[in-house]
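In: Need coordinates for the below:
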Amino acid sequence: MKKPWLDSIEYIRGVSMLGVVAIHTGSQYLLNPTPNVHLVALFEIVSRFSVPIFFFISAFGLFYRMNLSEPFEYGKFLRRRFKAVLIPYLLWSTFYLLHDNHFYGYQLFPDFDYAAEIYFFGLAKYHLYFLVILIWFYLLMPLWIFLIRRMTPARLILLLTAQVAFDYWSSYSVALVQFVNSLPPDSILQMCLKWRLNWLVLHYAFVFILGGVLAVNSQKFFEWCAAHKKIISATFLLALTTLLGWYYFLLTVKNFSPLEAVNTAHQLSPPGIFYTIAASIFLFMIFQGGNLPAMLKKFLSVLGKNSYFVYLAHPFAITYLSLGLGKLGLIMTAPNALIFYVVTVALTLTASLIVKKISPR
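Out: Here you go, the predicted structure:
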């Protein structure tokens with residue numbers, strides 16, 4: 001029997017898109033030598049769940065509709081997924097390369113090897129690496145099916161422990177950095193390790209598998225969420241407080257700059273991983289079982305339906321809004337940063353609606 005459509009996935013996708021734009025707006029705001037650290041926390045810390053939760057809901061959507069007792073049609077799956085992800089990735093990568101070549105005066109393709117590096121690791125623009133990781137998740141789909149069929153609560157806990165350890169090593173190991181720097185420059189191994197965050201799915205394997213496991217047991221998951229709203233809410237607030245607390249600790253006790261603090265208290269840190277998990281379950285609880293106002297549902301639905309285009313196009317808007325601020329002689333103060341964020345979302349959302357209206361295909 002076909003399962004009903006879940007509006008909650010669409011709503012979470014829209015909220016996550018807002019978080020991604022916030023992170024990249026925060027990067028612009030951090031160019032201010034004296035940023036408001038609380039606004040930085042809103043842009044860069046509160047929204048840190050945004051990227052990994054996309055992997056969570058991607059897995060949830062895939063496994064929610066999948067019957068694990070039936071044979072998996074790998075070829076058909078890849079054709080459908082690549083049409084939705086690989087083709088847009090290649091087109092938008094090429095668009096940004098052409099645009100930035102003209103805008104910044106870059107040399108487009110010095111040689112074949114450099115072009116291959118750009119496309120393979122998602123280097124055409126700072127946000128496109130997400131699609132590279134997603135493609136790798138799709139390529140490894142038989143592995144995820146194998147694991148999810150055999151996953152138990154105890155194995156999930158072991159996997160979470162391994163995830164925390166691996167991400168900590170990948171993010172903070174000085175020995176790893178020294179090893180990468182010791183490798184021959186531009187060797188395949190050196191490039192793969194240097195750009196490991198851009199393609200290595202191991203960084204987000206747990207959250208993807210968790211999404212799949214909860215989707216397979218979706219009815220029990222939704223019932224559990226409805227019965228434990230206070231616990232889920234409290235856990236989410238605790239996880240958010242912990243991540244924010246670490247950020248402020250780095251600022252006030254360790255005397256980190258806001259940029260250093262943000263680059264330390266990120267989504268792959270131990271508090272960041274638990275915050276992602278807590279946020280994923282909390283948002284499902286809110287959107288799946290909550291009685292949301294009709295206007296809010298409509299707004300979230302519009303965000304969700306247009307989130308892919310906004311995600312792909314928002315760096316373009318950020319580039320020209322930043323150029324406009326410079327021409328007006330304005331600096332990125334806190335009020336300007338908030339306006340900048342709202343205008344970025346509004347412009348790309350409007351562009352998406354126009355594109356969909358004039359060209360449904």
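
In: got the contact list for stretch 136-154?
Out: 55, 58-59, 62-63, 66, 68, 72, 74, 77-78, 81-82, 85, 159, 199-201, 208-209, 212-213, 216 (C-beta atoms under 8 Å, 6 or more residues apart in numbering). (Each C-beta comes from the backbone N, C-alpha and C, glycine too.)

In: Just the ones in strands from these, please.
Out: Judged by DSSP state E, the subset of the contacts of stretch 136-154 located in strands is empty.

In: List only buried entries from those.
Out: With neighbours counted by 16 or more other C-beta atoms under 10 Å, those contain buried members at 55, 58-59, 62-63, 66, 81-82, 85, 159, 199-201, 208-209, 212-213, 216.

In: How are the helices of the stretch 201-350 of the chain distributed by residue range?
Out: With helices called from DSSP state H, counting those that start in this stretch, the stretch 201-350 of the chain shows them at 205-216, 218-227, 229-252, 258-264, 270-289, 294-305, 307-327, 334-358.

In: Can you say which of these is nearest to Leu6?
Out: Counting by C-beta to C-beta, Leu6 lies closest to helix 270-289 out of the helices of the stretch 201-350 of the chain; the figure is 7.1 Å.

In: Mind listing what's buried along the closest one?
Out: Buried, per 16+ other C-beta under 10 Å, within helix 270-289: 270-288.

In: Take it, keep the C-alpha atoms, and write them as CSV.
Out: Extracted C-alpha coordinates of helix 270-289, given in CSV (Å, rounded to 0.1, in the frame of the first residue of the first chain):
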residue,chain,number,x,y,z
PRO,A,270,30.4,16.4,19.1
PRO,A,271,27.9,19.0,20.3
GLY,A,272,27.0,19.7,16.6
ILE,A,273,26.2,16.1,15.9
PHE,A,274,23.9,15.8,18.9
TYR,A,275,22.3,19.1,18.0
THR,A,276,21.6,17.9,14.4
ILE,A,277,19.9,14.7,15.8
ALA,A,278,17.9,16.6,18.3
ALA,A,279,16.8,19.2,15.7
SER,A,280,15.8,16.5,13.2
ILE,A,281,13.5,14.8,15.7
PHE,A,282,12.2,18.0,17.1
LEU,A,283,11.2,19.4,13.7
PHE,A,284,9.5,16.2,12.8
MET,A,285,7.6,16.3,16.0
ILE,A,286,6.5,19.9,15.4
PHE,A,287,5.6,19.5,11.7
GLN,A,288,4.2,16.0,11.8
GLY,A,289,2.1,16.2,14.9
